[in-house]
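> Everything below, folded, please.
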Amino acid sequence: MPPSRIESYALVGDTQTAALVADDGSVDWLCAPRFDSGACFAALLGDAGNGRWLLAPAAGGRATRRRYRDGTLVLESEFDTPDGTVRIIDFMPIRDRTVDLMRIVEGVSGRVPMRMELVIRFDYGAVVPWVRHHDDGLYAVAGPDALVLRTPVDCRGEDLTTVADFTVAAGDRVPFVLAWFPSHHGRPHTAEPLEALPRTTAWWEEWSARSTYQGEWADAVHRSLVTLKALTYAPTGGIVAAPTTSLPEWPGGPRNWDYRFCWLRDATFTLYALMSAGYVTEARAWREWLVRAVAGAPVDLQIMYGAAGERRLTELELDWLAGYEGSRPVRIGNAASRQFQLDVYGEVSDAMYQARRVGVGEDGPAWDMFQVVLDFLEGAWKEPDEGIWEVRGPRRHFTHSKMMAWVAFDRAVKAIEQFGLPGEAAQWAACRDEIHAEVCARGFDAERDAFVQSYDSKALDASLLMMPLVGFLPTSDPRVQSTVAAVQRELTVDGFVLRYATEVTDDGLPPGEGVFLPCTFWLVDSLALQGRVPEARALFERLLGIANDVGLLAEEYDPHARRQLGNFPQAFTHVGLVNSASRLSAGVGSPSTSHPAHRRGERPG
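Residues are numbered from 1 along each chain as shown. Model (predicted):
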């Protein structure tokens, strides 16, 4: 059977780890105990030989209906069969020690024969564990990792697979729990799924009820907010970009990266979205994580860290894995963690500024840390870098990077002026002005009538749609308007936005990737700011239309094949959805409609 499409999956999680459930009843990804751990019982989506947990009608088929319980990460999938209808409820209880994935099979009508198949593999499919039956469950152990399966259903082994056949009648509720634990610990206690379900539902409902969002498209926005919360790592406050690795930006290609880490950029944008909906606690936890993660010399600041602040994210290729739809190599770790990217300084500066504006509280250590960073940035902004898209080639003077260095100094000056913080306001204002003048002089190509990807380049880059959004130039500036027009003319496919022309920019990688959904949300914002509201709303509705049946979005999309691409679900994309919905709902031009970075410090070039 071919692998499920990326959009066929739904997310369940406990704010410490996550699992993806396909619409055929198969769990094809579970990672524990942290997003960056190798303790996976399913190594890659759609690659059943490397682990999966199928629980579905024996007749097979895909779910007829799926939904999340309102405001929760509790998934319900219903299967209609000739023998009746059955519902499978998937969730992960908010937990303390063990990683519990719980599944409850409910009989809705008739008598439905069911099939369970559990293929357990550790270390990304490389290790087949020992499996033993005990009186309290089935145990699988290999090296540091162990799993226990507990269910009243009789299980047996077949060809290195644990299987079970049973029948569910109307009104029956058959529970399953699969728990990971360190193999050197004793047998863990696991909650009963029928008791954990109402507690888990109530936890998510209480969290969702704290949202202050009251605009249009509330269902899509609240689903995105729940998804963003699921991508937080509760013990530390870190926020990961996605729960998966190596889902391709183009099927069969090599652009396959590990996203199970905390990019400062992605975490900052996620923070914006959560703060805009009233989630201040998450902002405070993220700021504390940030101070711990980046402690040390400013020159050593990384663009990403592990969920607990780990710095060593060595990239490895797993040559024993075929990859999703033959997309190789499969990677764990991310070599981009060693790149120099100027833009993250601006995003972090703006996030800290916004956190103060929403009342996160005193942040003496954070401000002390960032003053040192700004002292470093006074010289570092003049250096070339790898840029927002982590191009794996020579460093360049990326226009977006310089623009975000401007943001770093701009927000620092504003923090001093508005909150009375100590610092070198005059000195940093001078840096801000110098950067602004250079970008306008060297980043704009008069022949193309557009800002370009890097100095002395002719290439366009969708990241420059951010220029009016961060307040670098006003929307009314002719250079901004012509840049937006150039992006629409040359970097769109069926109205959706490409990041850049991959055949021009990327050294050592073949061209080809899907349209980039976060950039398309930036185009929505840019159109709205220009007063082209009907056009912006139409594009936004099209973006909502490519979400899957439970409201989830990946990083990229293929408009021709009409399928999602890249790691899934993607925080960056869901952030774009929340921010664009907020802007369009509140009325363009009002300060309350702005992305937290929008429309401050607008100044002519």
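> measure the residue nearest to residue 233 when sequence neighbours are not counted to residue 239 for me?
Of all residues not flanking residue 233 in the chain, residue 307 sits nearest, at 3.9 Å (Cβ to Cβ, 6 or more residues apart in numbering). C-beta here means a position set from N, CA and C on the backbone, and glycine is covered the same way. To residue 239, residue 307 is 9 Å away according to Cβ to Cβ, to the nearest Å.
> Now do the shared contacts for those two.
Listed as contacting both residue 307 and residue 239 by Cβ atoms under 8 Å, 6 or more residues apart in numbering are 233, 262.
> tell me which element the residue nearest to residue 543 when sequence neighbours are not counted is part of?
Nearest in space to residue 543, with sequence neighbours left out and distances taken as Cβ to Cβ, 6+ apart, is residue 520 at 6.0 Å. Assessed by DSSP states H and E, residue 520 sits inside helix 517-529.
> helices or strands next to that helix in the packing?
Under the contact definition 3 or more Cβ pairs under 8 Å, 6 or more residues apart in numbering; DSSP states H and E, helix 517-529 sits against helix 478-490, strand 496-497, helix 533-545, helix 571-586.
> ranking those by burial, who's on top?
Mean neighbour count, computed with mean count of other Cβ atoms under 10 Å, is highest for helix 571-586 among the helices and strands packed on helix 517-529, reaching a mean of 25.
> Show the contacting residues for residue 317.
For residue 317, the contact set (Cβ under 8 Å, 6+ apart) comprises 329-331.
> now residue 83
Counting by Cβ under 8 Å, 6+ apart, residue 83 touches 57, 59, 110-113.
> quick one: it from residue 176, how far?
20 Å.
> Over to residue 74?
On the measure of Cβ to Cβ, residue 74 and residue 176 end up 15 Å apart.
> Please apply the same query to residue 284.
Distance from residue 284 to residue 176, by Cβ to Cβ: 37 Å.
> the more surrounded of the two?
Per other Cβ atoms under 10 Å, whichever of residue 284 and residue 176 has more neighbours is residue 176, with 23 against 16.
> Could you verify my assumption that that one touches residue 153?
Yes - when contacts are counted by Cβ atoms under 8 Å, residue 176 is listed as touching residue 153 (7.5 Å).
> For the longest helix seen in the chain, name the packing helices and strands.
Counting by DSSP state H, the longest helix found in the chain is helix 399-419. In terms of contacts (3+ Cβ pairs under 8 Å, 6+ apart), helix 399-419 is packed against helix 343-357, helix 364-380, helix 425-442.
> right, and those - which one's nearest residue 335?
helix 343-357 (16.3 Å; Cβ to Cβ).
> just how off-centre is that closest one within its chain?
19 Å (Cα atoms, centre = their mean, to the nearest Å).
> just for the stretch 501-605 of the chain, where's the confidence low?
Low-confidence segments of the stretch 501-605 of the chain, defined by pLDDT under 70: 503-511, 588-605.
> Swap in 90 and give it another go.
When residues are selected by pLDDT under 90, those of the stretch 501-605 of the chain lie in 501-513, 586-605.
> same deal with the stretch 301-450 of the chain?
301, 307-308, 318-324, 326, 332, 348, 351-370, 373, 390-394.
> and stretch 136-145, C-alpha only, in PDB?
Provided in PDB are the C-alpha atoms of stretch 136-145 (Å, rounded to 0.1, in the frame of the first residue of the first chain):
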ATOM      1  CA  ASP A 136       0.100  -6.600  33.000                       C
ATOM      2  CA  GLY A 137       0.900  -6.100  29.300                       C
ATOM      3  CA  LEU A 138       3.200  -6.700  26.400                       C
ATOM      4  CA  TYR A 139       6.800  -5.300  26.800                       C
ATOM      5  CA  ALA A 140       9.300  -4.300  24.100                       C
ATOM      6  CA  VAL A 141      12.900  -3.500  25.100                       C
ATOM      7  CA  ALA A 142      16.000  -2.500  23.200                       C
ATOM      8  CA  GLY A 143      18.900  -0.500  24.700                       C
ATOM      9  CA  PRO A 144      17.600   2.600  26.600                       C
ATOM     10  CA  ASP A 145      14.100   2.300  25.300                       C
END
